[in-house]
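K.L.:
Below: sequence and its predicted model.
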Amino acid sequence: MAPVIRFLPLPSTPLGRRLGLLACALLLAGCARLPEAMPGLERNLQFTPNDFDSTSMHTRHVLASQARTCEAARRALLSQGYLVNTASAEMVAGRKYYQPQADVHYEVEMRVVCAPEGQGDVRTSAFASALQDRYVIKKVNNSASLGVGGIGSVSLPVSATDDTLVKVGSETITDAQFYERFFQLFERYVPMAPAGTASVQLPVPVATAPVPAPAATAAVPEPAASASQLPQQERAAAADAPAEQPAPQSIEQLMAQ
């Protein structure tokens, strides 16, 4: 909200006018420097996130199926007192609460996403990230009025003070040792892939051209069998058949010869 400046009427004497003008000049100069003295306005912060430098801090490769990897992450979080509110074959999320001081409160939410690598569901990538929320305890004044009827419009102010958590910051944890300790515990429940091995790339489907159907071949007519020729099997049977013996002649025929 901009400061409100009110000008008083200048005195009628020459000296009073000079003093009044000098006071106005000093007041304007002080107002010109007012934004620089207010907290937060004098800082010109330039924040550049240092991301995409390394993938080893949040990622591990596991020699297990997707469901087994997420089950190992759930057990690792439960062993450290996290309240697991989401647990599936693809993601596990848990939350833990800290209060290092009487008026400071922290909440850490851990998420582990399991993504299969390649085919066969024998190798999985585990991606872990943690979010830290910071709260402070502030006292909030609650006022109310109590009206007494019958004796006039009399109201008695009643005030109370309550402690309330106010969120003042939220940030992703970027401590490499934090994730290293988590994956060391995570390794107790599932075997890790050897260090330095590359992840298995997912196969990319290749579009194949449709195979044309074979063309129908025209039926070749067989030559008609000749009436004078016998089939091959009948000719072979006729060749193998024994020759016919002449019939015996009678006695009259023999005497006639």
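P.N.:
Received the coordinates, thanks.
K.L.:
pLDDT weak spots in the stretch 101-250 of the chain?
P.N.:
For the stretch 101-250 of the chain, the stretches flagged by pLDDT under 70 are 142-161, 196-250.
K.L.:
Now for residue 191: which residues touch it?
P.N.:
62-64 (CB atoms under 8 Å, 6 or more residues apart in numbering). Where C-beta positions appear, they are placed from N, C-alpha and C, glycine not excepted.
K.L.:
Would you format the residues you listed as a markdown table with distance to residue 94 and secondary structure included?
P.N.:
As requested, these are exported to a markdown table (distance: CB to CB, whole Å; DSSP: H, G, I helix; E, B strand; the rest coil):
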| residue | distance to residue 94 | secondary structure |
| --- | --- | --- |
| 62 | 18 | strand |
| 63 | 24 | coil |
| 64 | 20 | coil |
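K.L.:
could I get those residues as TSV with neighbour count and pLDDT?
P.N.:
Formatted as TSV, the contacts of residue 191 follow (neighbours: other CB atoms under 10 Å; pLDDT from 0 to 100):
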residue	neighbour count	pLDDT
62	25	94
63	15	93
64	21	93
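K.L.:
between those, which is nearest residue 140?
P.N.:
For residue 140, the nearest member of those is residue 62. The distance, counting by CB to CB, is 47.6 Å.
K.L.:
pretty sure the closest one is in contact with residue 193, am I right?
P.N.:
Yes. Contact between residue 62 and residue 193 holds when scored by CB atoms under 8 Å: they sit 6.5 Å apart.
K.L.:
what is in contact with those two at once?
P.N.:
Common neighbours of residue 62 and residue 193 are listed as residue 123 (criterion: CB under 8 Å, 6+ apart).
K.L.:
Same list, the contacts of residue 191, but as a markdown table with distance to residue 135 please.
P.N.:
Rendered in a markdown table, the data for the contacts of residue 191 read as follows (distance: CB to CB, whole Å):
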| residue | distance to residue 135 |
| --- | --- |
| 62 | 35 |
| 63 | 40 |
| 64 | 37 |
